[in-house]
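In: Mind folding the following:
(2 chains)
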Amino acid sequence: LSHASLLRPSDIISTVEFNHTGELLATGDKGGRVVIFQREPESKNAPHSQGEYDVYSTFQSHEPEFDYLKSLEIEEKINKIKWLPQQNAAHSLLSTNDKTIKLWKITERDKRPEGYNLKDEEGKLKDLSTVTSLQVPVLKPMDLMVEVSPRRIFANGHTYHINSISVNSDCETYMSADDLRINLWHLAITDRSFNIVDIKPANMEDLTEVITASEFHPHHCNLFVYSSSKGSLRLCDMRAAALCDKHSKLFEEPEDPSNRSFFSEIISSVSDVKFSHSGRYMLTRDYLTVKVWDLNMEARPIETYQVHDYLRSKLCSLYENDCIFDKFECAWNGSDSVIMTGAYNNFFRMFDRNTKRDVTLEASRESSKPRAVLKPRRVCVGGKRRRDDISVDSLDFTKKILHTAWHPAENIIAIAATNNLYIFQDKVNSEMH
Amino acid sequence: MLSKGLKRKREEEEEKESLAVDALWLDPGHAAVAQAPPTAASSSLFDLSVIKLHHSLQQSEPDLRHLVLVVNTLRRIQASMAPAAALPPVPSPPAAPSMADNLLASSDAALSASMASLLEDLSHIEGLSQAPQPLADEGPPGRSIGGVAPSLGALDLLGPATGCLLDDGLEGLFEDIDTSMYDNELWAPASEGLKPGPEDGPGKEEAPELDEAELDYLMDVLVGTQALERPPGPGR
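Out: Numbering: from 1, shown residues only, chains lettered A, B, ... in the order given. So this is what the prediction gives:
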């Protein structure tokens, strides 16, 4: 892979998402801002800057709020961004913090009218006596201006913290999930939503499980999946009942008795779930592994990949410093043949499902100069150590790559490393294989 | 506020213990804790988990996922530490908190009260020399009525079985409570678990005794059916 560009938002990035064509890349940060990057069209004149991403628009999506009734502050951190499929010249996206989802419309303006009869060029009213003839105003080109406006605000739908949003393939509805409930919204209606999943127990002291992630099926508008803190996945069919508390399918892997520990449940908690582009598989991330599930097989995943198994013996310290609760995301490539997820020390991992080969790469300024090829990294756990290996004990657990995204069609990936965004392109092999 | 139960001085000890625990955990032979768990490690993990639970509950809006995972882990550790002893089941919240629940719009208060009762339950397991004051600090102090009751209810369960607690006297339990809060009779904590008797200690005078009539009056005031006036009953 070669390194295409390096950009620096000023705050910690909390979410990264390509749009459906991959032309636009949106990031959200802890400060409630959204930054959208646009891929420059490739040109023969400057072959080196082919397809690089430049800042397209920046706007403040959410502000910190104060809930006076409960006396608590609502963080402005953007938890998730999801793009709507483009239906006209404008682009639309949904962004959400813990409590409120907003629909934003992004439009371009590259012409402006000139030659008004009653106003001069600064907009001041002309003295009518000076107007001797009439003219038709004409549209003249101007510097591109990107305008972003909030079109809908979906508020007061959630008592608990929103962790996921997902747009339905019908392009009319979307869902939002918090710790205990999932709501279905119509994109045009903000004053009501339908509750489709509610796992809140009658007695809160019976609470043992929360919802951790949720997503609509890419093709079947009636199906969605949600994951839990106990490591299970529930596939639900909205046609079966209005309240989808009963799952259609329950995907759960039995606990491995040889690996049992006090932390078994915590490390089995699913932090992210993603349907494959084909819709046949699901990808889940838990603390130590990524797993591929076949929608037709509930008993166990069809593939399991170890992300950083060397941490298994360190779970106690990771529990102590709360790292064991970190929520890593995962991603498919466009052809569903490679999966990617982040790890510590600014490492991220890729697994090729066909060749069964995997690689560890690092997203850092020191180790990747622009246009340099990324060098694979290795973590050694004792025993023979090669020159550039990193030992487990020197891993930096404050440098975590939680958010990654893969271009829908090409080998371009976006990696969020704390407050830095890295975009890597595979120039040699731009096509999927 | 009332939720000052956390004592920082234990941190150093805890760090040393956890380093020792790390050494244990790094040994792959200890990976399967289901067999013969090292008691020191379990106890240290238990304490660590209780502290995490406190931290979580003290936040105005606890991270539910973190909370649930810590509580479940705590239950696992608890189960492994005393597999033979008859563990008291997590009791349904005592009367006062459930009344408080009716008043409070937020179900998070119910969760806190139930976590509080879980903690109270766990607190009399040997080895935990400080009885935590699991008062979730949620919203205006008036709500703490619900939170205070379960922890004081624990005093009833202490009895002669856990002598270590009585050795310190009940004084230790109330060290962190700002008694100026208790000067206001309206906030006198419900003491349905607190009875005069062999447990009398220096700390006892901090906890007044409320009879049923007073409790009813208190509830009426909180619900707003009665105007706030000088309450009847023994002055303090």
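In: give me the low-pLDDT residue ranges for chain B?
Out: B:1-39, B:83-211, B:222-236 (pLDDT under 70).
In: So which residues on the stretch 51-200 of chain A come close to chain B?
Out: A:L69, A:K70, A:S71, A:L72, A:E73, A:T159, A:Y160, A:H161, A:D179, A:L180, A:K200 (CB under 8 Å from any CB of the partner chain). C-beta: built from backbone N, CA, C; applies to glycine.
In: buried stuff in the lengthiest helix in chain B?
Out: Taking DSSP state H as the criterion, chain B has its longest helix at helix B:39-58. Using 16 or more other CB atoms under 10 Å in any protein chain shown as the test for burial, helix B:39-58 gives B:41-54, B:56-58.
In: Show me what the closest residue to A:I13 other than its chain neighbours is bridged to.
Out: Counting by CB to CB, 6 or more residues apart in numbering or on different chains, A:I13 lies nearest to A:A416, which is 3.9 Å off, once chain neighbours are set aside. Judged by DSSP bridges, the bridge partners of A:A416 are A:H403, A:L421.
In: List the residues that contact A:A416.
Out: When contacts are counted by CB atoms under 8 Å, 6 or more residues apart in numbering or on different chains, A:A416 touches A:I13, A:S14, A:T15, A:V16, A:T27, A:I401, A:L402, A:H403, A:T404, A:Y422.
In: And A:V292, by the same measure?
Out: A:Y281, A:M282, A:L283, A:P301, A:I302, A:E303, A:T304, A:I339, A:R353.
In: picking up where we left off before, and the two most separated of the residues of the stretch 51-200 of chain A next to chain B?
Out: Spanning the widest gap among these are A:E73 and A:K200, at 23.2 Å by CB to CB.
In: Compare the two (neighbour count), which wins?
Out: A:K200 (16 against 12; other CB atoms under 10 Å in any protein chain shown).
In: Mind pulling up the pLDDT for that one?
Out: Each residue has a pLDDT score; the one for A:K200 is 96.
In: Verify the contact between it and A:I182 for me.
Out: No. Assessed by CB atoms under 8 Å, A:K200 is found out of contact with A:I182, at 11.4 Å.
In: among the buried residues of helix B:39-58, which are in reach of chain A?
Out: Answer for the buried residues of helix B:39-58 near chain A (CB under 8 Å from any CB): B:A41, B:S42, B:L45, B:L48, B:K52.
In: now the residues you listed in CSV, with distance to A:N195?
Out: Formatted as CSV, these follow (distance: CB to CB, whole Å):
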residue, distance to A:N195
B:A41, 43
B:S42, 41
B:L45, 38
B:L48, 37
B:K52, 31
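In: Please list the residues of the stretch 251-400 of chain A that sit near chain B.
Out: A:257-263, A:265-266, A:269, A:312-317, A:319-320, A:322, A:325.
In: Can you say which of the residues of the stretch 51-200 of chain A next to chain B are buried?
Out: By neighbour count, with 16+ other CB under 10 Å, those hold A:K70, A:L72, A:T159, A:Y160, A:H161, A:D179, A:L180, A:K200 as buried.
In: Of these, which is the nearest to A:D127?
Out: In terms of CB to CB, no member of those lies closer to A:D127 than A:L72, at 57.7 Å.
In: What residues does that closest one make contact with?
Out: Contacts for A:L72 were tallied using CB under 8 Å, 6+ apart; they are A:F66, B:S60, B:E61.
In: Let me see the backbone angles for the last one.
Out: Same thing as B:E61. In terms of degrees, to the nearest 10, the main-chain angles of B:E61 are phi -130, psi 90.
In: distance of it from chain A?
Out: Separation of B:E61 from chain A (CB to the nearest CB, to the nearest Å): 5 Å.
In: Identify the bridge partners of the closest residue to that residue other than its chain neighbours.
Out: Of all residues not flanking B:E61 in the chain, A:L72 sits nearest, at 5.1 Å (CB to CB, 6+ apart). Note on A:L72: beta-bridge partners A:D67, judged by DSSP bridges.
In: all strands for the stretch 251-400 of chain A, in order.
Out: A:272-275, A:281-285, A:289-294, A:303-306, A:330-332, A:338-342, A:347-352, A:358-362, A:379-380, A:390-391 (DSSP state E, counting those that start in this stretch).
In: Pretty sure A:P113 sits in a strand.
Out: Yes. Assigned with DSSP: H, G, I helix; E, B strand; the rest coil, A:P113 falls within a strand.
In: which of the contacts of A:V292 lies closest to chain B?
Out: A:T304 (17.8 Å; CB to the nearest CB).
In: circling back to that earlier point, cross the residues of the stretch 51-200 of chain A next to chain B against strands and list the overlap.
Out: Counted as lying in strands by DSSP state E, out of these, are A:L72, A:E73.
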